[in-house]
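Trainee: 3D, please:
(2 chains)
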Protein chains: 2
Amino acid sequence: MVMGNAPPLNPPVRTLMGPGPSDVHPRVLQAMSKGTIGHLDPYYLQVMDRMQQMLRDLFRTQNRMTLAISATGSAGMEATVVNLVEPGDPVLVCVNGVFGMRMADVATRAGAVVTQIQRPWGQVFTADEMHQAIERVKPKVVGIVMAETSTGAWQPIEEIARVVHQTDALLLVDAVTALGGIPVEVDAWQVDAIYAGTQKCLSCPPGLAPVSFSDRALEVIFQRKTKVQSWYLDIHLLANYWGTDRVYHHTAPINMTYGLYEALRVIFDEGLEACFARHVQNHRALRAGLEALGIGYAAQEGHQLPMLNAVWIPDGVDDAGTRSALLQRFGIEIGAGLGDFKGKVWRIGLMGYASRAANVLFFLSALEQLLAEQGHRFQHGSSVAAANAVYAASA
Amino acid sequence: MVMGNAPPLNPPVRTLMGPGPSDVHPRVLQAMSKGTIGHLDPYYLQVMDRMQQMLRDLFRTQNRMTLAISATGSAGMEATVVNLVEPGDPVLVCVNGVFGMRMADVATRAGAVVTQIQRPWGQVFTADEMHQAIERVKPKVVGIVMAETSTGAWQPIEEIARVVHQTDALLLVDAVTALGGIPVEVDAWQVDAIYAGTQKCLSCPPGLAPVSFSDRALEVIFQRKTKVQSWYLDIHLLANYWGTDRVYHHTAPINMTYGLYEALRVIFDEGLEACFARHVQNHRALRAGLEALGIGYAAQEGHQLPMLNAVWIPDGVDDAGTRSALLQRFGIEIGAGLGDFKGKVWRIGLMGYASRAANVLFFLSALEQLLAEQGHRFQHGSSVAAANAVYAASA
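Mentor: As a prediction, this is how the structure comes out:
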């Protein structure tokens, strides 16, 4: 390649209904392009304060140590783990999908002695089995994924939190796909550390990881015997920048912060309850449409996430070909299956701004067409009509 | 605060002449707000490939492992260190400012046995003293900062690289402030690992860290006995996403990538040589203006960075008050001194898009006014005239 001949940037218009990034709200895109200012500018410090407060409102917590890590959601996982864990600490990780596996890997790299408990993909953990595992392992930290993006399973946290807190253990929750899509109650459930990403239900591009630490978690962190292995993610140092001292640590990603700030404003303009209700309604409409196509869910009944619909690919349907046609002919992105679910499952996201009737109806009409072209026959009539019936019933 | 009442985002217009972030090019801001697409979208994969190639052209290298870490420049430091270093490895770090100190801290957290060699702030290291230190320490990795943002000192790399490569040691270079402002020659100098940031001379907001690893460095990394302590920054995993396999690792920060892609196009539209010459010319003009005000440089003569002008605050001048007035009355941000230079030095950035005559002349006129208001008398006439004379001479 000759130096510098890269063509102008001209990304195609997509409808993002995969596991993330999801459709970004137009107000957020606009915010991203506002003029950059300094990371110690008085106005930027105000933006940080207000963003922190909005994040607390969204996490439903009073935790002062609530902030956005300057990297994507996976770095939020790493940030919580490396601050909580010292070499040799026993850690219990619940694995029923890719992100539980990842948490176990991250904790092992931090020097933890990791014990995994497993459930088949798509199923969730019960408080009873957690109780037994905790008795056996006596972990310092229990890690669990609330919304498993690889399976679409919705893990209830409240009861498990009670079991964890019968001991001294700290509860670490992955809320990457949960936050902004379903209720997350950090204080009511006594979650000790939690992380999320911007690119799922917050309608914001990937690039920041909201995190929150309880005062109890902070106490443990501030009494560590060893330094946090990551300088970039060390809460001791981040606290001095996000706190009142404003000590320079790293240069904050100003325009990403603009994006998240506006994304949070969008959520509170709608209202949290309305936002969650919208996610449920569009999920119901999608589900009705998929049922008309004879397509069922991979996650356990009663534990299906409204914003991440992992569904079985119908027999005889070409996985990659169908996804590719959705993208090339309709501009719709959905997600492939990961790991155990590779080739078996599609992941259809209805997250944040992507959770709207336009997307549900557009997707169903496109999918129905592509399946019909592959000779698929439908027992139950039009998927679009089925979805529209759900919207009409609540109109 | 009542939930969700954060006011609309309305950042003030600033002229960013501090140590970064620096003024962002309008084309880059526009690129940041283009529609988000998926991180495995065929178009996005093209963007990544082309961006990688532009980064290679900018680093002046053929290194296949040239990419952007999904976090800010400091994470670029951490990414290079944690991949190169295994616990117990001897590492030599050259410290003559804040960023050398930081590298020593990061390496220590990675388990390295760190030896520091020191030079007074503002001075640079010679190949001779490096040679002696390397003989003594026999390091696996030698780390050095090319453009010390805390002192404005320009560390020559070429001769030092030769000395390092008389042994088996790997040379790690911090080019956060250097890249795009002064020539960086990764292949010609045989640099083994290098990192930068987007928010300095690339005219892009903070949020990504370009890095490059030589094949020799990769060989060492791929023969590690221990796992890289950071999952997020592990080159083994990143290589599978940035390489031809495109294995999902984390969700790439799409819109930040748009920004960097366009920033690199802006640089190559101008041309590398022209870009470096512009940085030198605006530096000369600024320097002439500052001399008229009786203000001198903190960095060693002959080793002053064109894009980061660290200058002594004149006797009797109110440091914080003057910087605050520059910001409040003129919208100009310059940087305070850090560490040893706190209260003694201002750091005036002329980086990337901020390196232009408009900024130099605006800043000098503002500073001259504020100093005059504090009773400062000028021996050498108008600073603006002195700067303009430099521009006129080369017109």
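
Trainee: Could you list which residues are in contact with residue A:35?
Mentor: If a contact means C-beta atoms under 8 Å, 6 or more residues apart in numbering or on different chains, then residue A:35 has B:11, B:13-14, B:24, B:29 as its contacts. (Glycine included, C-beta is placed from N, CA and C.)

Trainee: these two touch, right, residue A:90 and residue A:138?
Mentor: Yes: assessed by C-beta atoms under 8 Å, residue A:90 is found in contact with residue A:138 at 6.3 Å.

Trainee: Quick check: residues of the stretch 151-300 of chain A near chain B?
Mentor: Within the stretch 151-300 of chain A, the positions lying close to chain B (C-beta under 8 Å from any C-beta of the partner chain) are A:197, A:199, A:205-207, A:227-232, A:248-256, A:258-259, A:261-262, A:264-265, A:267-269, A:271-272.

Trainee: Selecting buried members of those residues in PyMOL, what would you type?
Mentor: Selection of buried members from these for PyMOL, criterion 16 or more other C-beta atoms under 10 Å in any protein chain shown:
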select buried, chain A and resi 197+199+205+206+207+228+229+230+231+232+248+249+250+251+252+253+254+255+256+258+259+261+262+264+265+267+268+272
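
Trainee: Spell out, range by range, the helices that occur in chain A.
Mentor: Using DSSP state H, the helices of chain A run over A:26-32, A:42-59, A:73-84, A:98-109, A:127-137, A:158-164, A:186-189, A:215-222, A:235-242, A:254-270, A:272-292, A:319-330, A:357-373, A:383-393.

Trainee: residues contacting residue A:176?
Mentor: A:73, A:76-77, A:99, A:147, A:149, A:195-197, A:200 are the contacts of residue A:176 under C-beta under 8 Å, 6+ apart.

Trainee: Equivalent analysis for residue A:380, please.
Mentor: Applying C-beta under 8 Å, 6+ apart to residue A:380 gives the contacts A:291-294, A:386.

Trainee: For these, which two are the farthest from each other?
Mentor: Across those, the longest distance by C-beta to C-beta is 11.5 Å; it joins A:294 and A:386.

Trainee: Who does the closest residue to residue A:116 other than its chain neighbours form a beta bridge with?
Mentor: Among residues not flanking residue A:116 along the chain, residue A:95 sits closest, at 4.9 Å (C-beta to C-beta, 6 or more residues apart in numbering or on different chains). Here residue A:95 sits in beta bridges with residue A:118, going by DSSP bridges.

Trainee: Residue A:95: neighbour count?
Mentor: 22 (other C-beta atoms under 10 Å in any protein chain shown).

Trainee: Now do it, the pLDDT please.
Mentor: If you check residue A:95, the pLDDT there is 98.

Trainee: in chain A, which segments are predicted with low confidence?
Mentor: Residue ranges of chain A with pLDDT under 70: A:1-4.

Trainee: Tell me the spacing between residue A:283 and residue A:387.
Mentor: The gap separating residue A:283 from residue A:387 is 11 Å, by C-beta to C-beta, to the nearest Å.

Trainee: Which one's more surrounded, the two?
Mentor: The residue with more neighbours, out of residue A:283 and residue A:387, is residue A:387; 26 against 22, by other C-beta under 10 Å.

Trainee: what's the spacing between the more buried one and chain B?
Mentor: 23 Å (C-beta to the nearest C-beta, to the nearest Å).

Trainee: The residue positioned nearest the centre of chain A - nearest residue in space that isn't next to it in sequence?
Mentor: For chain A, the residue sitting closest to the mean C-alpha position, by C-alpha atoms, centre = their mean, is residue A:177 at 1.9 Å. Leaving aside its chain neighbours, residue A:177 sits nearest to residue A:147 (3.9 Å; criterion: C-beta to C-beta, 6+ apart).

Trainee: from what I can see the one you found touches residue A:310, true?
Mentor: No: in this structure, residue A:147 is not within contact of residue A:310 by C-beta under 8 Å, at 11.0 Å.

Trainee: what do these two both touch?
Mentor: Residues touching both residue A:147 and residue A:310 by C-beta under 8 Å, 6+ apart: residue A:153.

Trainee: Please list all residues in contact with residue A:191.
Mentor: Taking C-beta under 8 Å, 6+ apart, one finds A:61, A:157, A:161, A:171-173, A:185, A:212, A:214 in contact with residue A:191.

Trainee: rewinding a little: and the residue nearest to residue A:177, how close does it get to residue B:70?
Mentor: Relative to residue B:70, and taking C-beta to C-beta, residue A:147 is found at 21 Å.

Trainee: for residue A:289, same thing?
Mentor: 35 Å.

Trainee: Chain neighbours aside, what residue packs nearest to residue A:44?
Mentor: Per C-beta to C-beta, 6+ apart, closest to residue A:44 is residue A:37, 5.4 Å.

Trainee: same deal with residue A:165?
Mentor: residue A:190 (5.7 Å).

Trainee: count of residues packed around the one you found?
Mentor: The number of residues packed near residue A:190 is 17, by other C-beta under 10 Å.

Trainee: Any chance of the backbone angles for it?
Mentor: Dihedral pair for residue A:190: phi 60, psi 50, per degrees, to the nearest 10.

Trainee: Between residue A:294 and residue A:386, which is the more surrounded one?
Mentor: The neighbour count for residue A:294 versus residue A:386, taken as other C-beta under 10 Å, is higher for residue A:386 (20 against 16).

Trainee: Just confirm the more buried one contacts residue A:286, I think it does.
Mentor: No: counting by C-beta under 8 Å, residue A:386 does not reach residue A:286; the two are 9.7 Å apart.

Trainee: domain ranges for chain A?
Mentor: A:26-268, A:271-393 (automatic domain parsing).

Trainee: Just send the ones you listed back as TSV, with distance to residue B:20 too.
Mentor: TSV is the format used below for these (distance: least, C-beta to C-beta, whole Å):
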stretch	distance to residue B:20
domain A:26-268	6
domain A:271-393	31
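
Trainee: Can you say which of the ones you listed is packed in most?
Mentor: Most buried of these by mean neighbour count (mean count of other C-beta atoms under 10 Å in any protein chain shown) is domain A:26-268; its value is a mean of 22.

Trainee: centre of the chain versus that one, how much separation?
Mentor: Remark: domain A:26-268 is offset 10 Å from the chain centroid, using C-alpha atoms, centre = their mean, to the nearest Å.

Trainee: hang on, the earlier thing: turn the helices of chain A into CSV, columns for distance to residue B:324.
Mentor: Shown next, in CSV, are those (distance: least, C-beta to C-beta, whole Å):
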stretch, distance to residue B:324
helix A:26-32, 27
helix A:42-59, 9
helix A:73-84, 33
helix A:98-109, 42
helix A:127-137, 54
helix A:158-164, 47
helix A:186-189, 38
helix A:215-222, 33
helix A:235-242, 20
helix A:254-270, 20
helix A:272-292, 39
helix A:319-330, 52
helix A:357-373, 48
helix A:383-393, 56
